[in-house]
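Novice: Fold the following for me, if possible:
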Amino acid sequence: MNEIEKMLIENGKLIDKAIEKYIPRKYNKKNIIFTLEKPRYEYNIDSTNKAISEPIWNLLDRGGKRWRPTLLLLVCEALGGDVKKYFDLVVIPEIIHNGTLIVDDIEDGSELRRGKPCIHKIFGVDIAINAGNAMYFLPLLVLMRNNYPFKEKAYDIIMQEMINVSFGQAMDIAWHNSLADADNLSEKEYLQMCAYKTGCLARMAAKLGALAAGADEKTIEKMGALGESIGVLFQIQDDVLNLVGEQFQKGKGFGEDITEGKRTLIVINTLQKANKKDRERLLKILKMHTKDKRLIKEAISIMKKYGSIEYAKNFAKKMINDAWNEVDKILKESDAKKKLYALIRFAAEREV
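Specialist: Model prediction:
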């Protein structure tokens, strides 16, 4: 276990404690008022626990890297901010991220998440949708219940990114369901989808960290761009590992992106390079939404034939190096800066 993995584990424990302040493992008459204010009539606590806290904590207790809130802390510290004073901000990107996972799994028809049945498989689709949606708003309690001097700007950042993530998801869904022309996508169109769907929560985390440090607008935007690049890097890495990783996402199905017909950077690059026969064959397999391992392996072999998996790996490395070079100029040398860079290397080199 390297230094970054140890840091993520240590931070994870502190982050979970912060989350419990805003989303208790069990609601009672006292803490539910913190969330909902005093009732006009009377709260039914049992239903709240069964339909909100239990499904949320069922997912959170499965782990996860907690790298987005760690990114927030490192950016804040690297810019000279008071991490302890604004620590609870970590709740915002982490809870929203996990909320998107619950909803994504329903949209994708997934069976497993972090090695266990998806939340909708355990609690039902209705409870899962509602709990996932609640996770988009519950973290706002961090701003509502704390007198932070940058509240208004923080709200603006969060709301813009929440709009972005919905539009990014819309693009992705439309493409793999053939609701829009996905056969001739450009790299730029894919990257914009990624920047919205996957990059936005990392961008949110980095911007909130910079905001808490009192950074100026230009610095906030540069740190946000770094966060976005890390998020896109994670997405490209996921796309690669889904095809060639042995333990992709601790249980998420091998080749699931092919089953879903997803247009990844790997697929787009292959479609641009392939001869007519291979191009048509790959598109046909993607549109089948097949779970046949033989067909999935055939699709992967076509992508390997044109070097598209290696292309995606190299593309991601260059993208993240370019983003780091921009912030390297403005960050003073510090332990936090070293850890921030180590977090990026971890993202680039991970195998699960």
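Novice: mind showing which ranges of the stretch 151-300 of the chain have poor pLDDT?
Specialist: 246-253 (pLDDT under 70).
Novice: Next, work out how far apart Leu201 and Leu286 are.
Specialist: With the distance defined as C-beta to C-beta, to the nearest Å, Leu201 ends up 27 Å from Leu286. All C-beta atoms are positioned from the backbone trio N, CA, C, and that covers glycine.
Novice: likewise Gly99?
Specialist: Taking C-beta to C-beta, one finds Gly99 at 28 Å from Leu286.
Novice: Asn177 too?
Specialist: Asn177 is 11 Å from Leu286, where distance means C-beta to C-beta.
Novice: More neighbours: which of these two?
Specialist: Leu286 (24 against 14; other C-beta atoms under 10 Å).
Novice: For the nearest residue to that one once chain neighbours are set aside, give me its contacts.
Specialist: Spatial nearest neighbour of Leu286, excluding adjacent residues (C-beta to C-beta, 6 or more residues apart in numbering): Gly261 at 4.4 Å. Counting by C-beta atoms under 8 Å, 6 or more residues apart in numbering, Gly261 makes contact with His176, Asn177, Ser178, Leu286, Lys287, Met288, His289.
Novice: Taking those together, which two end up most distant?
Specialist: Based on C-beta to C-beta, the longest span within the contacts of Gly261 runs between Asn177 and Met288 and measures 13.0 Å.
Novice: next one: phi and psi at Lys262?
Specialist: Phi and psi for Lys262, reported as degrees, to the nearest 10, are phi -70, psi 140.
Novice: any idea how far it is from Asn177?
Specialist: From Lys262 to Asn177 the distance is 10 Å (C-beta to C-beta).
Novice: Same check on Arg25?
Specialist: In terms of C-beta to C-beta, Arg25 sits 37 Å off from Asn177.
Novice: residues in contact with Val90?
Specialist: By C-beta under 8 Å, 6+ apart, the neighbours of Val90 are Ile15, Ala18, Pro69, Thr70, Leu72, Leu73.
Novice: Repeat that for Glu3.
Specialist: Glu3 neighbours (C-beta under 8 Å, 6+ apart): Lys339, Ala342.
Novice: What's the per-residue pLDDT of it here?
Specialist: pLDDT, Glu3: 84.
Novice: can you pull the pLDDT of Ala348?
Specialist: 80.
Novice: Please spell out which residues along stretch 147-157 are buried.
Specialist: The neighbour-count criterion (16 or more other C-beta atoms under 10 Å) identifies Tyr148, Phe150, Ala154, Ile157 as the buried residues of stretch 147-157.
Novice: Can I get those in TSV including distance to Pro139 and secondary structure?
Specialist: Formatted as TSV, those follow (distance: C-beta to C-beta, whole Å; DSSP: H, G, I helix; E, B strand; the rest coil):
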residue	distance to Pro139	secondary structure
Tyr148	13	coil
Phe150	16	coil
Ala154	11	helix
Ile157	13	helix
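Novice: Out of these, flag the one nearest to Tyr311.
Specialist: Nearest to Tyr311 among the buried residues of stretch 147-157, with distances taken as C-beta to C-beta, is Ile157, at 33.1 Å.
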